[in-house]
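how would this look folded up:
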Amino acid sequence: MQLMGVHTGVRVISLVLVSMLGQSGVGQAPKTKSSSTAAKPGMAVWSPDVQQVLGVSQENFKAEGLDKLTKMQLVALLTSARIDPRKAVLTCPVSGAMPSGRIHVWITVAGDDSTGAIAGAIKQGVGSLSGVEVVDSAAQADRALHVVIQEQTMNKRTIGFTASYLTSTPCMQLKNGTKSDVEVKGTLGTYTDAKGPDLAKDLAGMMDQDLRPLRSGGTN
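Alright, predicted model coming up:
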């Protein structure tokens, strides 16, 4: 899942990387050439942690110059890129285990829904799920569902509707004494149906699956 509204400080990471490269002298032309492409002992290698923290794939690891760092320099870079818990704390809601607790879902619907019928059907469909209560704001929610409706037409006649959706977890970030609302991205997808209100059935079924970890007492 990716964090909405939280930036990892790309410029800071770039400065740290440049500093490391300068200190190690790896930016200078090598005195000897080697035909081997294998990583030298003690040098940095790609790992899933690099993908998660820096967003650098295994294919781009060398192109970004990260293979020129030592293992310890890469560890330092990853550490600097992570949110420092002393400076920023992310707090997300924890829903009570079922059946004693209820899962609160905040739903927003935008786009081609002039009568509000589709939005009403979606809220009713999600609200009818076992142990789910639809709430009015992110502050009250354990999970959020954002939907955008697009009308499909042919010869100026409506032939169906498409619902693009994103689930997320509303969280609170505390940084330098200031609180701000952020959301952790969840599932992204699309449903298409000839009858707009019928989209509610698909979205409710998707949410039923999405909420399973919360029903089992999972945390975020």
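
which helices and strands does the longest strand along the chain pack with?
Ordering each strand of the chain by length in residues (DSSP state E) puts strand 157-175 first. Strand 157-175 is packed against strand 88-91, helix 117-127, strand 143-154, strand 178-193, helix 199-210, with contacts defined by 3 or more CB pairs under 8 Å, 6 or more residues apart in numbering; DSSP states H and E. Yep, even glycine has a C-beta here, placed from its N, CA and C like the rest.

which helices and strands does the shortest one pack with?
Helices and strands touching strand 88-91, by 3+ CB pairs under 8 Å, 6+ apart, are strand 157-175.

For the strand it packs on, which strands pair with it and how are they oriented?
strand 88-91 (antiparallel), strand 143-154 (antiparallel), strand 178-193 (antiparallel) (DSSP bridges).

Quick check: which of those is buried the most?
strand 143-154 (a mean of 17; mean count of other CB atoms under 10 Å).

Show me how the protein divides into domains.
Following automatic domain parsing, the chain resolves into domains at 3-82, 91-215.

Looking at the helices and strands packed on strand 157-175, which is nearest to Ala63?
Closest to Ala63 of the helices and strands packed on strand 157-175 is strand 178-193 (CB to CB; 26.3 Å).

Dump the strands paired with strand 157-175 to JSON lines, plus distance to Val126.
Converted to JSON lines, these look like this (distance: least, CB to CB, whole Å):
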{"stretch": "strand 88-91", "distance to Val126": "24"}
{"stretch": "strand 143-154", "distance to Val126": "7"}
{"stretch": "strand 178-193", "distance to Val126": "13"}
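
Quick one: closest of the ones you listed to Ser114.
With CB to CB as the measure, strand 143-154 is the member of the strands paired with strand 157-175 nearest Ser114 (9.1 Å).

Can you name the next helix or strand after the helix or strand bottoming out on mean pLDDT in the chain?
Least confident element among the helices and strands of the chain, by mean pLDDT, DSSP states H and E: helix 10-24 (a mean of 42). Later in the chain than helix 10-24, the nearest helix or strand by DSSP states H and E is helix 48-54.

Let's verify Thr115: helix, strand, or coil?
Applying DSSP: H, G, I helix; E, B strand; the rest coil to Thr115 yields a three-state assignment of coil.

and it, how far is that from Glu151?
As judged by CB to CB, to the nearest Å, Thr115 and Glu151 stand 12 Å apart.

and if you look at Lys123?
Lys123 is 19 Å from Glu151, where distance means CB to CB.

Same check on Arg102?
According to CB to CB, Arg102 and Glu151 sit 34 Å apart.

Likewise for Gln124?
Per CB to CB, Gln124 is found 21 Å from Glu151.

and if you look at Pro213?
In this view, Pro213 and Glu151 are 34 Å apart by CB to CB.

which residues does Met43 form a beta bridge with?
Thr70.

for it, what are its contacts?
Met43 sits next to 67-71 when contact means CB atoms under 8 Å, 6 or more residues apart in numbering.

Can I get those in JSON lines including pLDDT?
JSON lines is the format used below for the contacts of Met43 (pLDDT from 0 to 100):
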{"residue": "Asp67", "pLDDT": "83"}
{"residue": "Lys68", "pLDDT": "79"}
{"residue": "Leu69", "pLDDT": "82"}
{"residue": "Thr70", "pLDDT": "84"}
{"residue": "Lys71", "pLDDT": "84"}
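
Spatially, which two of the residues you listed are the most separated?
Lys68 and Lys71 (11.9 Å).

That's all I had, so thanks and see you.
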